[in-house]
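Trainee: Next input, structure requested:
(2 chains)
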Amino acid sequence: MVFGPATITAMADNDASGVATYAIGGAKLGYPVLFVLGLVTVLLGVTQEMGMRLTLVTRKGLGDLIRERKGVGAALFFFVGLFVANMGTIVVNVAAFKTTAGLLHLPAIPLVIIMVAVTFIFVIKGNYKLTQNIMLLSCILYLAYIFSAFKSGPDWGAAVTNLFFPHGVQLTGEYIKNYIVIGLGVLGTTITPWGQFFISSFAYDKKIDKARLKYSQFETYAGAFLTDFFSFFMIVATAATLFANKIPLFSGEQAALAIKPFAGELAAMLFAVGIMNAGFMGVVVVSLSTAYAFAEFFGLSGSLDTSFRQSKGFYIIFIAQLIIASFVALFPFIKLFQLAVASQVLNAMLLPFIFYYLIKFTNSRELMGEFVNKPWQRTVAVVGSIGISVASVITLMLTFL
Amino acid sequence: MLYFSELRGTPVKTPNNVYIGRLEDMIFNIADVPQVTKLVIKHNNDLSTINIKHVKTFRGEIVVDCKNGHPVLEENELYIGRNLLDKQIIDLVGNKMVRVNDVVLLDRLKQDGYGIYVMGVDIGTLGLFRRIYLEDIVQKILSILSVKVSSQFLSWADIQPLELSSGEVKLKKSEAKLKKMRPEDLADYLERTSEMTVHHVLKVLGTSRATDVVENLDVNYQKDLFTHWKSEEAAEIIERMDPDEAVDILLMLSKEKKEEVEGFLSDETKKKIFHLMRLSHTAVGNLITTDYLTVDSHKTAFEVLNRIRKDTAHYSSLPTIHVLNDKDQLVGVFNLHELIMQKNDTPVYKFMNQNLVEILLTTPVHIAVHKMLKYHVDSVPVVDNDRHMIGLLTIDDASEYIEKKLFK
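Mentor: As a prediction, this is how the structure comes out:
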């Protein structure tokens, strides 16, 4: 097993909604959005590590603990929130198949149906090695962004310094509004609610023992760095090509433009295949994570190793999401880039609630013993949660007022 | 039939109608028919206990005439809300883990006061709806659709609470139910709980049963367990384990811990373990055991039976008996079936199989397994170049290897 749980979670972060959100971030905001990425990477590392440590020490998933210590009401709240946020993400990922169809001049509806059917078969029949290989395949698209970023001749000085403080752009009211909303989207697509639940179920499944905690901790930080490493180049590539030339980002063709410096005429093809792969990964991981969370919260058996009859609830939830998502995504007005940011903002808004319990549990000496949070971890997580809550409130006000 | 979820939050008063708080939890004693011993009341974030004797009225509203201090668990007591509700328990009948959605109680007014008994738990979906106050609506809808749904109830006798990591719990009486479970299954469940709970359960089981369970735990969890166990207690378990399992565990520990634990082992155990450790550098050596029986070729069937009864009580299995000549070389084998079919005074050399299947320490595991499967034997002796036996490889010990190959 080459990749650990944190690395896999991190790879799945760059699903189609991730790629789309980062691309929009770079295209609409330019280099300054990298500042958000920098902060988010730190927060991601800290919260992933907390989630993994929580599971390794208590041997329960986050969903288990919320149910056990806060009861059915809290479990229901989180499950509904997770289901809605995940549905948004899955719809966006299915919409990616439409974008692929557009770029490759294939009929949209059949492609969507085929991809969803493939997802279904893959999950039911697939095994670990296959999943790993598909994740590796997705790296090819990311590499394309890296090479494009280099070839498009960006202002590296601006790019790197913007990781630490945003600058170099005219701060109009319009820009700041977009910055908050899209920034929240970037956050929500990097630190996802499903990721928090997924990493704990996953670490539990691999039976990692406490003694290897240090290695696992290193792995979570490395995973966080890795995923945002790719995101950095995605943003730079779109910032240098689309933002610099004031090209708006609404369609796959425009996004493919961002990798034209590297791929030339093949850009469209490469982007199409890559986004389809990213979409596939997103659909698989996110819909599974909802099903696992359901099993954890409500105490039903939930495992792919069991038959349909044994884990009815689990399979039904999994399939229902695919069906609902396909149905919704096929509406013509559902387009990848329009929806991506909105769905990721929804994800971000759920985070403070999840962090509240994550921090509470990892602070509890009764649960964690000697592995309780260190003060700096607590501070980063609390400050992060407050920041996200403030940004969420502002975004809600901007949307409805 | 009362449900704990519906009782929680009931206001508690004195006979003079003075409000003293709300029912927060109940403490019960885990006898065969578990009975509530104390009520836990919450008032302004303070918890206090009411002994069951002081409960005057229970249905509708709760009236009590005396209040005590902060709740404390006596021996063999558990909280209903804190230790049972929403927790995972073992369903002994269905042999799986389930989550407690509600706890079912029965109240009875006796001569000397109220008796509140814990009947069992509700693990069904209706219980979930009850917790969010939707049970009545859901039942109405279901009856309109003519769908019959009954609650899923498990009686106390058929469940075993598992997650008891709260330090206050002092359970001593759970062995009877845990003994009903196969160690392999109990190990599976323990893998899903915290280390503290595992320690707790193993203590309650007694050393012999605990050893069976420990042997079946996943290797990573075994390591966790032994690293944190006091060396003397760890040694007690290792004494009773199969020597090859014991070696595996000892080799996982840190050097100091290993030496500390070895200090507490008996000489006989140490001899067996060191012998195996010296052989563990080969793949086969890692899997073999020293628990095998050898007899002289001139012994009679009757003598062998007595030998077995005397010497092999602690063996986990006895697939074959091995026959040595006077130079201590392996010359034949036979199994229990063949032994029992003989007349008492038949000497061994007359019925043993001389067509030996054997392997060397350097034989690769897959060849050893292939031989066992080809010749339909449950075990194969490991010999050195002079045909002296140095260990036994059983198909059981190789099973992990086989499982890995089959289910990769």
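Trainee: where does the stretch 51-200 of chain A dip in pLDDT?
Mentor: In the predicted model of the stretch 51-200 of chain A, residues A:126-129, A:131-132 satisfy pLDDT under 70.
Trainee: any idea how far whatever residue of the stretch 51-200 of chain A ends up closest to chain B lies from B:Arg192?
Mentor: For the stretch 51-200 of chain A, the residue closest to chain B is A:Val72, as judged by C-beta to the nearest C-beta, at 3.8 Å. C-betas here are computed from N, CA, C, even on glycine. A:Val72 is 20 Å from B:Arg192, where distance means C-beta to C-beta, to the nearest Å.
Trainee: now swap in A:Leu367 and tell me
Mentor: A:Leu367 sits 15 Å away from B:Arg192, going by C-beta to C-beta.
Trainee: Give me the phi and psi for the residue in the stretch 151-300 of chain B that chain A sits nearest to.
Mentor: Closest approach between the stretch 151-300 of chain B and chain A, counting by C-beta to the nearest C-beta: B:Asn220, at 3.8 Å. When read as degrees, to the nearest 10, the backbone of B:Asn220 gives phi -70, psi -40.
Trainee: what's the longest helix in the chain?
Mentor: By default, I'm working from chain A. Identified as the longest helix of chain A according to DSSP state H is helix A:62-104.
Trainee: my bad, chain B
Mentor: The helix that spans the most residues within chain B, counting by DSSP H, is helix B:267-279.
Trainee: which ones are touching the residue of the stretch 51-200 of chain A closest to chain B?
Mentor: Contacts for A:Val72 (C-beta atoms under 8 Å, 6 or more residues apart in numbering or on different chains) come out as B:Asp86, B:Asn101, B:Leu128, B:Arg131, B:Ile132.
Trainee: let's go with 7 Å and repeat that
Mentor: By C-beta atoms under 7 Å, 6 or more residues apart in numbering or on different chains, the contact list for A:Val72 reads B:Leu128, B:Arg131, B:Ile132.
Trainee: Measure how buried the closest residue to chain A within the stretch 51-200 of chain B is and give me the count.
Mentor: Among the residues of the stretch 51-200 of chain B, B:Arg99 lies closest to chain A, at 2.7 Å counting by C-beta to the nearest C-beta. For B:Arg99, the count of nearby residues is 24 (other C-beta atoms under 10 Å in any protein chain shown).
Trainee: Which residue is the nearest non-sequential neighbour of it?
Mentor: Leaving aside its sequence neighbours, B:Arg99 sits nearest to A:Gly299 (C-beta to C-beta, 6 or more residues apart in numbering or on different chains; 2.7 Å).
Trainee: Model confidence score at that neighbour, please.
Mentor: For A:Gly299, the pLDDT comes out at 73.
Trainee: Over to B:Leu336?
Mentor: Reading off the model, B:Leu336 has pLDDT 92.
Trainee: Just to check, A:Ser289 is in contact with A:Thr192?
Mentor: No. In this structure A:Ser289 lies outside contact range of A:Thr192 using C-beta atoms under 7 Å: 8.8 Å.
Trainee: So those two - more neighbours on which side?
Mentor: A:Thr192 (31 against 26).
Trainee: Angles on the backbone of the residue nearest to B:Arg99, please.
Mentor: With angles defined as degrees, to the nearest 10, A:Gly299 sits at phi 70, psi 20.
Trainee: What is the burial count for residue 273?
Mentor: As the question left the chain open, I've gone with chain A. 17.
Trainee: my question was about chain B
Mentor: 22.
Trainee: Wait, it touches B:Ala246, no?
Mentor: Yes. With contact defined as C-beta under 7 Å, B:Ile273 counts as touching B:Ala246 (5.7 Å).
Trainee: what is the orientation angle of the strand or helix carrying A:Gly45 with helix A:62-104?
Mentor: Under the criterion of DSSP states H and E, A:Gly45 resides in helix A:33-58. Using axes from the mean of the first three to the mean of the last three C-alpha atoms, to 10 degrees, one finds that helix A:33-58 and helix A:62-104 are set 140 degrees apart in direction.
Trainee: So the residue in chain A positioned nearest to chain B versus A:Ala291, what's the distance?
Mentor: As assessed by C-beta to the nearest C-beta, chain B sits closest to A:Gly299 within chain A, at 2.7 Å. In this view, A:Gly299 and A:Ala291 are 14 Å apart by C-beta to C-beta.
Trainee: that's a strand at B:Ala157, yeah?
Mentor: No. Going by DSSP: H, G, I helix; E, B strand; the rest coil, the assignment for B:Ala157 is helix, not a strand.
Trainee: and the worst-scoring helix or strand of chain B on mean pLDDT, how far from the chain's centre?
Mentor: Here the helix or strand of chain B ranked lowest by mean pLDDT, DSSP states H and E is helix B:175-179, holding a mean of 73. Distance of helix B:175-179 from its chain centroid, counting by C-alpha atoms, centre = their mean, to the nearest Å, is 9 Å.
Trainee: list the buried ones in the helix or strand where A:Ala348 lies?
Mentor: Assigned by DSSP H and E, A:Ala348 belongs to helix A:336-363. Of the residues in helix A:336-363, A:336-337, A:339-355, A:357-359, A:361-363 count as buried by neighbour count, 16 or more other C-beta atoms under 10 Å in any protein chain shown.
Trainee: residues contacting A:Pro332?
Mentor: No contacts exist for A:Pro332 under C-beta under 7 Å, 6+ apart.
Trainee: That one - that's part of a strand, no?
Mentor: No. Remark: A:Pro332 does not belong to a strand; assigned using three-state DSSP, it is coil.
Trainee: What does the pLDDT read for it?
Mentor: Here the pLDDT value assigned to A:Pro332 is 77.
Trainee: Please enumerate the helices of the stretch 151-300 of chain B.
Mentor: Under the criterion DSSP state H, counting those that start in this stretch, the stretch 151-300 of chain B contains helices at B:175-179, B:183-190, B:195-205, B:207-215, B:219-228, B:231-240, B:243-252, B:255-263, B:267-279.
Trainee: now those as TSV including distance to B:Thr346?
Mentor: As requested, these are exported to TSV (distance: least, C-beta to C-beta, whole Å):
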stretch	distance to B:Thr346
helix B:175-179	41
helix B:183-190	38
helix B:195-205	43
helix B:207-215	36
helix B:219-228	44
helix B:231-240	35
helix B:243-252	32
helix B:255-263	43
helix B:267-279	31
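Trainee: Nearest to A:Thr238, out of those helices?
Mentor: Closest to A:Thr238 of the helices of the stretch 151-300 of chain B, according to C-beta to C-beta: helix B:219-228, at 43.8 Å.
Trainee: Report the beta-bridge partner residues of the residue of the stretch 51-200 of chain B closest to chain A.
Mentor: B:Gln88 (DSSP bridges).
Trainee: my guess is it contacts B:Gln88, does it?
Mentor: Yes. Taking C-beta under 7 Å as the definition, B:Arg99 is a contact partner of B:Gln88 at 5.4 Å.
Trainee: Can you name the residues of the stretch 1-150 of chain A sitting close to chain B?
Mentor: A:Thr58, A:Arg59, A:Arg67, A:Glu68, A:Gly71, A:Val72, A:Gly73, A:Leu76 (C-beta under 7 Å from any C-beta of the partner chain).
Trainee: Out of the helices of the stretch 151-300 of chain B, which is closest to A:Gly38?
Mentor: Per C-beta to C-beta, nearest to A:Gly38 of these: helix B:219-228, 35.7 Å.
Trainee: what's the angle between that closest one and helix B:207-215?
Mentor: Going by the same axes, to 10 degrees, helix B:219-228 makes 130 degrees with helix B:207-215.
Trainee: How about helix B:219-228, which residues are buried there?
Mentor: So for helix B:219-228, counting by 16+ other C-beta under 10 Å, buried means B:Asn220, B:Tyr221, B:Gln222, B:Lys223, B:Asp224, B:Leu225, B:Phe226, B:Thr227.
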